[in-house]
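[1] coordinates for the following, if possible.
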Amino acid sequence: MNLHHKRNPGDFDVEQAARTFLSTTLKLILTHPEELQLKFLRAQRTLMIEVIVNDEDIGIVLGAKGRNIKAIQTILNCLGAKGESQIICTVFNPKNQS
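    Predicted coordinates for the structure are as follows:
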């Protein structure tokens, strides 16, 4: 295996990688994994992701002092860099939106 082989960024599906990472990771830690929804919006080289969870799960996703969401965003940044994209992730609870 050649570790120095450069991939064409067009070969890497950032959205699919982010979807797989988020759904796999979050479903393991959520109290209500069946309510997890991921919404993706692409604008040029930016991928915006809305993570929608049950209100009981907001604290789990954010973590103490935002540590969990910062760790999740760090990994998403790595995936974005691999695909030459910026990824912005936000967490929502639909019950608290007007």
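[2] where does the prediction get shaky in the protein?
    For the chain, the stretches flagged by pLDDT under 70 are 1-10, 96-98.
[3] quick one, helices of it?
    14-29, 58-62, 67-82 (DSSP state H).
[4] distance between the second one and the chain's centre?
    Distance, stretch centre to chain centre, for helix 58-62: 13 Å (C-alpha atoms, centre = their mean, to the nearest Å).
[5] same check on stretch 60-69?
    Centroid separation for stretch 60-69 versus its chain: 13 Å, with C-alpha atoms, centre = their mean.
[6] first-to-last residue distance for it?
    One end of stretch 60-69 to the other measures 9 Å (C-alpha to C-alpha, to the nearest Å).
[7] residues contacting it, please?
    Here stretch 60-69 makes contact (C-beta atoms under 8 Å, 6 or more residues apart in numbering) with 26, 29, 30, 31, 51, 53, 70, 71, 72, 89, 91. The way it works is simple: take the backbone N, C-alpha and C, and place the C-beta from them, glycine included.
[8] highest neighbour count among these?
    Of these, residue 53 is surrounded by the most neighbours, 23 neighbours in total, counting by other C-beta atoms under 10 Å.
[9] got the contact list for that one?
    Applying C-beta under 8 Å, 6+ apart, the residues contacting residue 53 are 26, 30, 32, 35, 36, 37, 61, 91, 92, 93.
[10] ok so, going back, in the contacts of stretch 60-69, find the pair that's most separated.
    Farthest apart among the contacts of stretch 60-69 by C-beta to C-beta are 31 and 70. That separation is 20.7 Å.
[11] list the contacts for residue 50?
    Residue 50 makes contact with 37, 38, 39, 41, 90, 92, according to C-beta under 8 Å, 6+ apart.
[12] okay, and the beta partners of the third one?
    Pointing back at residue 39 there. residue 50 (DSSP bridges).
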